[in-house]
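>>> Need coordinates for the below:
(chains A and B)
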Number of protein chains: 2
Amino acid sequence: MTEVGERGSAAGGRGSADLAPEAFVEYGKRLVEWIGEFLANPERYPVLARVKPGDIAASLPLSPPARGERLDAILADFETKILPGITHWNHPGFFAYFSISASAPGILGELLASALNVNAMLWRTSPAATELELRALDWLRQLLGLADDWHGHINDTASISTMLALAAAREAAGLDVRERGMAGRGDLPVLRVYCSEHAHSSVDKGAITLGIGHENVVHVAADGEFRMRPDLLREAIAADLARGMLPLAVVATVGTTSTTSIDPVREIAGVIREVAATGSGANPELRTSARPWLHIDGAYGGTAAVVPEMRGVLDGVDLADSFVVNPHKWLFTPIDCSALYVKRPEILKRAFSLVPEYLVTREAAPVENLMDYGVQLGRRFRALKLWMVIRAFGAEGLAERIRAHCALARTFAGWVEAARCWEVVAPVPFSTVCFRYAPEGVSERNLETINTRILDRVNDSGSVFLSHTKLNGRYVLRLAIGNIRTEERHVAQAWRLLREAAA
Amino acid sequence: MTEVGERGSAAGGRGSADLAPEAFVEYGKRLVEWIGEFLANPERYPVLARVKPGDIAASLPLSPPARGERLDAILADFETKILPGITHWNHPGFFAYFSISASAPGILGELLASALNVNAMLWRTSPAATELELRALDWLRQLLGLADDWHGHINDTASISTMLALAAAREAAGLDVRERGMAGRGDLPVLRVYCSEHAHSSVDKGAITLGIGHENVVHVAADGEFRMRPDLLREAIAADLARGMLPLAVVATVGTTSTTSIDPVREIAGVIREVAATGSGANPELRTSARPWLHIDGAYGGTAAVVPEMRGVLDGVDLADSFVVNPHKWLFTPIDCSALYVKRPEILKRAFSLVPEYLVTREAAPVENLMDYGVQLGRRFRALKLWMVIRAFGAEGLAERIRAHCALARTFAGWVEAARCWEVVAPVPFSTVCFRYAPEGVSERNLETINTRILDRVNDSGSVFLSHTKLNGRYVLRLAIGNIRTEERHVAQAWRLLREAAA
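Presented below is the predicted three-dimensional model:
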């Protein structure tokens, strides 16, 4: 980035003030131009950073500067020292994990939000931030075709959203955990949470954090298509009830992390209804009248319901108690933005609301103070970027992009299926393909070695980045499409590199 | 904002792509100019939003648009519909709660971070984000004059940082809570957490979330200057030990929310050492060898230690197990950015690390994967803005600004003290003043009514925003200085408005 004149002088020299606004404008425009170039040529940097552990740290001074430095110097260091260590999640060849993207409207939204620097903890501390959050999440609900009795608010991540849902489940059980805690009480049963063996690790982390315990997360086995088996869920719950344990919550996933499989939500809801009807009969000593809470993790897959012909992926979700979908995953909204919907917001509020005197406000009419729905008091104005993304693309524009991603994934899967020695190893309901190179007569162990090497070689190319998982002990490769700038040529490039690496 | 030509056409019309990069640049520059104006004239909007509950919502369509809209229209709505509902935290007359600010270098850092859109969950998913985070937090540690055996990482909020610290305390106690949870176990004592009666509500929320229970947060009474009394802490711990309860953690605060009082950290650490020496003797049945964990909440006040002559505010903090300070509060970094330091990172990791196969990576040398230190998997590149702020202002520049804020607070306190019928009701160790209008012979009840009215009138002015608290049942006003653009004239304006309102 080129130098700017005197107005770019160090902020440190200006007494007790901020950098001059004119300098902000000059540097801001330079950064906007730089980002414009970056978005126009997203492939000019290798997608996976090519540095060794410690390389970046070694290039940075061990101590902070005593005097303020010129932004020229700082931005030059950004380009020469930081950028080489960036793995480019915004690169169209990013196919690892779940591919995300910051769309232009989303970036502009973040820019505005950071300048306003609002803390939306209370309605009063920015009425627009609270009311826009509620409205934007209602828009998103409509885009997904969900019923109108959901209450949505934004969290940073699905990890937090799912933890809050489990905390609401704990509160709903009526065990007075909020006041009395769980340790040293003789009156509490062991609490159990059920999810598929393919559920995301955030379910485990949530249960660990809440003091439910990792061993009390029951990972129900999946069927041949990696979906939770409702019959085994029923058995697991019955066995736990017989042992005097309390089935607290079931987490079903729409789009599991490894294969994007879809748990049979409607059947799972049916199992829960059965438990409600007979559960207390099975063990009348359990001091709760609540049925297990049903939480749906649609952090990635839920977004697909913006495509009218894909609405079926959320079949049964309206029967659940809570639902999470992450606009920062597949809805072109910069990280972070996770939408948590609950049917009974009063339970989440009962679990978390706590208003010290210094946060008491008086309004002319009842208001929502969104700090009441979770752990965090500080809340960024995340609704702004989501609102801008939804408006800039519109329902049809969003659907078109998601539809295109799913089509690309099917195209890629078709190529793999048609190729000798390659196989697709899981259904492709969304935009992610699990596959591997599997020449006949090679042992599983050697297949893992071979596929690991293929992955390393492909990722070393700098043009694509894929990740892996294991399915029933088998090492498989994953290609996840989700970046707004990904086109067929990028997927074709990945396929070419994969075949070259295998050859 | 004025219109831009054809390139500003709706993103929705461009097939499966993002808004054109040229359009991003044009709109980005317009927003940068708008923000430049906003920063240059931060007083052009009323600091406290002048809308009634529901006003903003009523101005927004009930449903999302079917087709993508032009950014012109979206940004026009931002100005006409959203902005009137913004309470301006970036206004120099914002004196409520703890005043925060987004400095220009910080806003530029957020802009870059949102364009890169990195998820720093693993070292590999952006080596620079991880290594810069560790380095920037080591810089901050040095700025605060803390010892070099602290391990720092960034969380979104102090609420999460404190919750993680309490979770680490639970893990350190060796009760196998991670695996077995806490419910339905006969072998666990009741767990207790101690803090001052003036500690932040995040301590309570953390204990609620972790399943420790709200009633097990012991709010130790404070002395006449609102500081936790170590003698009463000692008594409370001894009483709990005698009842077979386990003192898990003590949270001391450097800069409490109401009055910014400083708990006597060194003496509190001494009480904990005594417990370690004699505690197990008091009740050998408690199955733990650990002493209570000492966590320091310096979310606001900790920052003052960047001023060399104020280092003493962190006296004793190096004896603690964990420490939180929020650069997004008083270090000119846009929200959110909370720094959590721990002495034994391996304990935090033991509490939270969980690596499913799809997140397993192989590196040439050991690396830090920052997802291991907390609940959240998704992690924004928050270190970038902090690094830019520290470099742009430098150690001296930051100290100069904090020093100026503290001097302004003393100036204001001096005015209050010198005025008839007004009183300063708590010491002013930082940049926050608690005070009230207290003409002689008026009952407490009437004083509350009078001061509430004064507060309402002053806040209705649109030029300043103050908040309140209660101290020993007395309603008091708070003026908190923390915005980088606040000058003496803004504080003087607040004082003028207060006196006018009282008259």
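
>>> Would you mind measuring the gap between the ends of stretch A:416-435?
End-to-end distance for stretch A:416-435, by CA to CA, to the nearest Å: 8 Å.

>>> per-residue confidence averaged over it?
The average pLDDT for stretch A:416-435 rounds to 98.

>>> any residues touching it, and which ones?
A:98, A:225-226, A:255, A:258-262, A:300-301, A:304, A:313, A:330, A:402, A:405-406, A:408-410, A:412-413, A:436-440, A:469, A:471, A:474, A:476-482, A:495, A:499, A:502 (CB atoms under 8 Å, 6 or more residues apart in numbering or on different chains). For the C-beta atoms, the positions are set from N, CA and C on the backbone; glycine is no exception.

>>> same thing but at 6 Å, please
Applying CB atoms under 6 Å, 6 or more residues apart in numbering or on different chains, the contact partners of stretch A:416-435 are A:225-226, A:255, A:259-260, A:262, A:301, A:304, A:405-406, A:409, A:412-413, A:437-439, A:476-481.

>>> Tell me how many other residues crowd the closest residue to chain B within the stretch 301-450 of chain A.
Closest to chain B within the stretch 301-450 of chain A is A:G397: 3.2 Å, counting by CB to the nearest CB. A total of 27 residues lie near A:G397 under the criterion other CB atoms under 10 Å in any protein chain shown.

>>> which helices and strands sit right next to the helix or strand bottoming out on mean pLDDT in chain A?
Ranked by mean pLDDT, DSSP states H and E, the weakest helix or strand in chain A is helix A:265-282, scoring a mean of 83. On a contact count with 3 or more CB pairs under 6 Å, 6 or more residues apart in numbering or on different chains; DSSP states H and E, helix A:265-282 meets helix A:230-242.

>>> continuing past the longest helix belonging to chain A, what's the next helix or strand?
Secondary structure of chain A per DSSP state H: the longest helix is helix A:383-418. Per DSSP states H and E, the first helix or strand lying C-terminal to helix A:383-418 is strand A:422-424.

>>> Pairing partners for that next one, with directions?
Strand pairing for strand A:422-424, determined by DSSP bridges: strand A:432-437 (antiparallel).

>>> just how off-centre is the strand it pairs with within its chain?
Centroid displacement of strand A:432-437 relative to its chain, using CA atoms, centre = their mean, to the nearest Å, is 21 Å.

>>> same check, this time on stretch A:265-280
28 Å.

>>> which residues sit against that stretch?
A:230, A:233-234, A:237, A:241, A:252, A:291-292, A:294, A:315-317, A:319.

>>> nearest to B:I154, of those residues?
A:A252 (32.4 Å; CB to CB).

>>> secondary structure element for the closest one?
Counting by DSSP H and E, A:A252 is part of strand A:246-253.

>>> Between helix A:230-242 and that strand, find me the angle.
If you take axes from the mean of the first three to the mean of the last three CA atoms, to 10 degrees, strand A:246-253 sits at 160 degrees to helix A:230-242.

>>> Is A:G213 in contact with B:R178, as I believe?
No. A:G213 is beyond contact range of B:R178, at 7.2 Å (criterion: CB atoms under 6 Å).

>>> more crowded one of the two?
Neighbours per residue (other CB under 10 Å) separate A:G213 from B:R178, with A:G213 holding more: 26 against 21.

>>> I'd like the distance between that one and A:L248.
According to CB to CB, to the nearest Å, A:G213 and A:L248 sit 11 Å apart.

>>> now swap in A:V203 and tell me
Taken as CB to CB, the span from A:V203 to A:L248 is 12 Å.

>>> Next, count neighbours for the nearest residue to A:G462 once chain neighbours are set aside.
Excluding its sequence neighbours, the residue lying closest to A:G462 (CB to CB, 6 or more residues apart in numbering or on different chains) is A:P46, at 3.2 Å. By other CB under 10 Å, 20 other residues sit near A:P46.

>>> per-residue pLDDT, A:P46?
97.

>>> helix/strand/coil for it?
coil (DSSP: H, G, I helix; E, B strand; the rest coil).

>>> do you know how far it is from chain B?
12 Å (CB to the nearest CB, to the nearest Å).

>>> on that earlier part again, only the buried subset of the contacts of stretch A:416-435, as a PyMOL command please.
If you want just the buried ones from the contacts of stretch A:416-435 in PyMOL, going by 16 or more other CB atoms under 10 Å in any protein chain shown, the selection is:
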select buried, chain A and resi 226+255+259+260+262+301+304+405+406+409+412+413+437+438+476+477+478+479+480+481
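
>>> The residue of the stretch 301-450 of chain A closest to chain B touches B:G68, doesn't it?
Yes. Using CB under 6 Å, A:G397 is in contact with B:G68, at 4.3 Å.

>>> For the residue in the stretch 51-200 of chain A that chain B sits nearest to, grab the count of nearby residues.
Closest residue of the stretch 51-200 of chain A to chain B, CB to the nearest CB: A:G181 (2.4 Å). Close neighbours of A:G181, defined as other CB under 10 Å, add up to 28.
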